[in-house]
Structure formats: C-alpha cells, structure tokens
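Asker: One predicted model, sequence on top.
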Amino acid sequence: AQSVTQLGSHVSVSEGALVLLRCNYSSSVPPYLFWYVQYPNQGLQLLLKYTSAATLVKGINGFEAEFKKSETSFHLTKPSAHMSDAAEYFCAVSVQGGADGLTFGKGTHLIIQP
Amino acid sequence: EAGVAQSPRYKIIEKRQSVAFWCNPISGHATLYWYQQILGQGPKLLIQFQNNGVVDDSQLPKDRFSAERLKGVDSTLKIQPAKLEDSAVYLCASSLDRGLAETQYFGPGTRLLVL
C-alpha cells in the first residue's frame, strides 16, 4: 500500500523567505503525486500535481515541486513567502492498481512571520 | 462555474444519534468522493462513486456509515448511530471522471461534533 510522510507538522518562515515543505512517499509502483492547500474553514485546493511527465512541476501562486525518484520525495517550494501563503498544506499520492482515491499525509501548517 | 456544495456546514449531535450530510458535485462530474478528516490528520477516503455505482468503499465503517448517490448527481452520507470518534470534518470531492491523474475538487466540508 502507498503512504505519504510530511516532515514537520509546523513550518515557520519570514515573509520574503524561501518556503520548503517536505514530502516523502512510499509506493511499489510509479506514483501520481499532489499538493493541496487548505485555508481555514475551506475545502482543499489543488496547487500542483505530478503525473509522470516533467519532474519539475509548476503550480499556482508561485509554488513548484520536484519529483525525485531516487529520494522518493516530492518537496514543495516557493522562492518568496507571502503572508497569504499561511495555510495547511497536504501532500497526497495515488497509484496504479489501487482505487482512484488519494492517500494524504498528515499536513504541514505553514506560518508566515512578518 | 459553481464549486462543490455541501450542507450543513456544522452539526452537533449526541452519541448514538443519527446524522446525514449532503453533497452536490460540480455539474457534469461523474466521480464523487467522501473523505473523513479528523483533527490533526489528512483526509481519509471513505467511499468513491462513479455515476451512481460504488467504486471503492473498503474504508467505510459499514456497520454505522452508509452512502448513496441516486441518479448519479447528489450524494448523501449517513452515520447511524454516531460515536464520539466520528467527530471530524466530512469532505466531499468530485472529478470529471475516474483516473489517477484527475484533479479532485473539494467542497468546504461539514464539521461534525459528537458529544
């Protein structure tokens, strides 16, 4: 079965600094990987997804993620944090041979300090 | 384009009572999902529908949870009887079709508190 581990339940960065949110996956078959963002009292919104095309994936709001098979990682980055980026971020995986439903990590709460 | 709609947004009940949640997916979306998100955790898939048929319900506690998607559009998730550990946010999502790379669009969720 597939799984996702997000390192760090809370990450704090200063406004304008680099954002790095870590995600490692476990899967015996090639995975599809997703990053979702959740603002308070709202549903999840897709930031970006990896579907075996380019390993560097660009998403909305200036976020990007790089798929590294050798490291089984799919870390999310943004060069310069903005106050509006404060939210909960979830990494998720789906794999061939399983159902289409996503398996999510526990989430990382991103805090932006002024 | 209207998003995924859910109601109610909040619900408080006592244990052993029953409760139902409603979801209206994005128009034209054939696939519908229900997820349970317990505080401090990521969402967990409960059930997936393709049109009005069940694709996967392997993680649905069938002794107390039930779901249906009549006519392949709206869906209802029911809990009967509720337990304290059912306190969570119940998220509905929809996608245009089945597929591992399909984007799932989420509703705002229903926050359930069982006392």
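Answerer: Yep, it's here. Numbers count the residues shown, from 1 in each chain, chains lettered A, B, ... in the order given.

Asker: From what I see, B:Gln6 and B:Gly109 are in contact.
Answerer: Yes: using CB atoms under 8 Å, B:Gln6 is in contact with B:Gly109, at 6.3 Å. Backbone N, C-alpha and C define where each C-beta goes, glycine included.

Asker: Give me the common contacts of these two.
Answerer: Common neighbours of B:Gln6 and B:Gly109, counting by CB atoms under 8 Å, 6 or more residues apart in numbering or on different chains, are B:Tyr90, B:Leu91, B:Cys92.

Asker: Inside strands: which ones of these?
Answerer: The strands, defined by DSSP state E, take in B:Tyr90, B:Leu91, B:Cys92 from the shared contacts of B:Gln6 and B:Gly109.

Asker: so what's the first one up against?
Answerer: The one in question is B:Tyr90. Contacts of B:Tyr90 by CB under 8 Å, 6+ apart are B:Gln6, B:Phe21, B:Trp34, B:Tyr35, B:Gln36, B:Gln37, B:Leu77, B:Gly109, B:Thr110, B:Leu112.

Asker: beta partners for it?
Answerer: B:Gln36, B:Thr110 (DSSP bridges).

Asker: B:Glu14 versus that one, what's the distance?
Answerer: 18 Å (CB to CB, to the nearest Å).

Asker: Touching, A:Ser14 and A:Ala81? I think so.
Answerer: Yes: using CB under 8 Å, A:Ser14 makes contact with A:Ala81 at a distance of 7.1 Å.
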